[in-house]
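> predicted structure and sequence below. I'll ask about it afterward.
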Amino acid sequence: MSLITFEQVRYKKVLHDLSFSVPHAGIIGLIGANGSGKSTLLHLAAGLIRPAQGRICMNGEPVGRQTREKVAFSPEREWLYPFFSVRQSLQLAAQLHPDFQPEKAEALTSRFKLEADKEVRHLSKGNRARLQAILTLSRSAPLLIMDEPLSGLDPVTREHLLDMMAEHTELEKQSIIVSTHEVAEIELYLDHLLFMQDGRMLVTANVEDLRETKGMSVLDVMREALL
Ligand SMILES: Nc1ncnc2c1ncn2[C@@H]1O[C@H](COP(=O)(O)OP(=O)(O)OP(=O)(O)O)[C@@H](O)[C@H]1O
């Protein structure tokens, strides 16, 4: 059964009769230019907005209140409370989400040297991004969604976030969809590619198949789709 299925989904002027499915595939990259509809698609998949038309399912179940609890969603904008300390941010996540794993979050904050008593507003931008990733990746929800987690960050922070996703998502039980423009950087980590443009899905593909059967990189496939 597919992880996510969109059937003829329309949303305002953003998505037009969008149909595709995503298998349980580990790390799934949602790639597309600014304004291609990535955030809208992710909000729909998470059940945070509803389509004007069409059907969206997660594991065969229509997306809605029931499925919303099975998705850990990290929006594009920063969503931490600036006056909370790192420790309080972890405590809040544990209160809000029954699937939050505090030990995992604590281990990751120590590994990335985030001081527990430091307030979020005093963290660097990179460390705020690390904390957001830790709060998301410490949930045991079957689907994790991260909207543009790499944008505006330096290369070392981007690499830390990608390593964290690869090492700390429980890929036997969880899938993670990550939207980004950083194609070259994320390619090595990806199991599955979703490439969209102007509200349409141009390519859905297994990245290993692309490499092994077609000898193509993600960038090659994107170039070909745009010809
Ligand atoms: N509720 C809405 N009503 C009408 N238009 C919208 C709505 N939400 C988004 N849009 C428009 O739809 C287009 C796609 O937006 P969306 O944020 O989904 O794209 P994106 O691929 O995530 O872009 P970016 O990479 O810039 O974040 C944009 O032109 C945006 O202005």
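On my side now, so go ahead.
> make it CA atoms for all contacts and neighbour counts henceforth
Will do.
> isn't residue 205 up against residue 194?
Yes - at 6.8 Å, residue 205 counts as touching residue 194 under the criterion of Cα atoms under 8 Å.
> comparing these two, which residue is more hemmed in?
Higher neighbour count among residue 205 and residue 194: residue 194, with 25 against 17, using other Cα atoms under 10 Å.
> following the chain past whichever strand or helix holds the more buried one, name the next helix or strand.
Applying DSSP states H and E as the criterion places residue 194 in strand 192-197. For strand 192-197, the following helix or strand on the C-terminal side (DSSP H and E) is strand 200-206.
> just to revisit the earlier point, tell me if the strand holding residue 194 is near the ligand.
No - counting by Cα under 6 Å from any ligand atom, the ligand is not contacted by strand 192-197; separation bottoms out at 8.0 Å.
> OK, contacts around the residue nearest to residue 76 when sequence neighbours are not counted?
Leaving aside its chain neighbours, residue 76 sits nearest to residue 147 (4.8 Å; criterion: Cα to Cα, 6 or more residues apart in numbering). Residues counted as contacts of residue 147 (Cα atoms under 8 Å, 6 or more residues apart in numbering) are 39, 42, 73-76, 178-180.
> buried among those residues? Need that as a selection in ChimeraX.
ChimeraX command restricting the contacts of residue 147 to the buried ones, with burial defined by 16 or more other Cα atoms under 10 Å:
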select :39,42,73,74,75,178,179,180
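> list just the nearest of the contacts of residue 147 to residue 88.
Taking Cα to Cα as the measure, residue 74 is the one of those closest to residue 88, at 18.0 Å.
> can you tell me the SS state at the nearest residue to that closest one once chain neighbours are set aside?
Once flanking residues are discounted, residue 74 sits nearest to residue 146: 4.8 Å by Cα to Cα, 6+ apart. Reduced to three states with DSSP: H, G, I helix; E, B strand; the rest coil, the structure at residue 146 is strand.
> dump the residue contacts of residue 146.
Residue 146 sits next to 73-76, 176-179 when contact means Cα under 8 Å, 6+ apart.
> sorry, back to before: quick check: the farthest pair among the contacts of residue 147?
73 and 180 (14.8 Å).
> what residues are bridge-paired with the residue lying closest to residue 199 once chain neighbours are set aside?
With sequence-adjacent residues excluded and distances taken as Cα to Cα, 6+ apart, residue 199 is closest to residue 15, at 4.3 Å. Beta-bridge pairing of residue 15 under DSSP bridges involves residue 11.
> is it true that residue 15 touches residue 37?
Yes - under the criterion of Cα under 8 Å, residue 15 makes contact with residue 37 at 6.7 Å.
> any shared contact partners between these two?
198-199.
> kindly report the residues of the protein close to the ligand.
Counting by Cα under 6 Å from any ligand atom, the chain sits next to the ligand at 12, 14, 32-40.
> neighbour-wise, which one of these leads?
Ranking those using other Cα under 10 Å puts residue 38 first, with 29 neighbours.
> ok, that one - contacts?
30-32, 179, 196.
> how about a cut-off of 10 Å?
14-15, 30-32, 44, 147-148, 178-180, 194-201 (Cα atoms under 10 Å, 6 or more residues apart in numbering).
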